[in-house]
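Colleague: Below are the sequence and a predicted model for it; my questions follow.
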Amino acid sequence: MKQRKLIRFVFPELQRRLVAVALACVGSSVAIGVCLVAIAMHGLAGDLPNDGDLVLESMPRALVIASGIGVAVALPVFAMIALAMTMPLMGVLYRLQQFLTDTAEGRETAECELRTNDPLQDLCSLLNQATRSQRAANAAGKGSREEGSEASQRAA
């Protein structure tokens, strides 16, 4: 049986902020749309010979309903799109963070590798160049530590 991949937020605060920006865009676009419809309806009400007052009376209720439906439809859609767009990027950032942490703590000696279609390939290559000497020192340190542990085992 194939195991399903657990969806986990690796940078939850950053992802929350990006989703909040997307939701703010939804809110402002719905507000702009409602304002434009209100302006158009007000102009239409002024052009009507008899029922302009009736249009103006029903306009607030119609605008509230339209904005409510717009937010109810657009908010979940944009939230899902924002999350779907952040997932691949956050996975790459998590891998780069792990690589840098392991390199700084002396555990990493191999080059940073990302999947072929992952974004930020150039950043990974740049990190490899920037950390080459540290990773070489890590590898040399591992070699001397392994030799020292083998010598201590032979002595015992």
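Modeller: Right, received. Where do you want to start?

Colleague: so where's this protein uncertain?
Modeller: For the chain, the stretches with pLDDT under 70 are 1-8, 142-156.

Colleague: which stretches of it form helices?
Modeller: 12-47, 52-104, 121-155 (DSSP state H).

Colleague: Which one of those lies nearest to Ala110?
Modeller: Closest approach to Ala110 among these is made by helix 121-155 (7.5 Å; CB to CB). Yep, even glycine has a C-beta here, placed from its N, CA and C like the rest.

Colleague: rewinding a little: wait, which of the helices of the chain is closest to Glu113?
Modeller: Taking CB to CB, helix 121-155 is the member of the helices of the chain nearest to Glu113, at 7.2 Å.

Colleague: which residues sit in contact with the residue nearest the centre of the chain?
Modeller: Nearest to the geometric centre of the chain sits Thr86, at 2.6 Å (CA atoms, centre = their mean). By CB atoms under 8 Å, 6 or more residues apart in numbering, the residues touching Thr86 are 14-15, 18-19.

Colleague: What of Met90?
Modeller: Listed by CB under 8 Å, 6+ apart, the contact set of Met90 reads 9-11, 14-15.

Colleague: Make JSON lines out of the residues you listed and add neighbour count and distance to Arg115.
Modeller: Output for the contacts of Met90, formatted as JSON lines (neighbours: other CB atoms under 10 Å; distance: CB to CB, whole Å):
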{"residue": "Phe9", "neighbour count": "14", "distance to Arg115": "19"}
{"residue": "Val10", "neighbour count": "16", "distance to Arg115": "15"}
{"residue": "Phe11", "neighbour count": "16", "distance to Arg115": "18"}
{"residue": "Leu14", "neighbour count": "14", "distance to Arg115": "21"}
{"residue": "Gln15", "neighbour count": "17", "distance to Arg115": "20"}
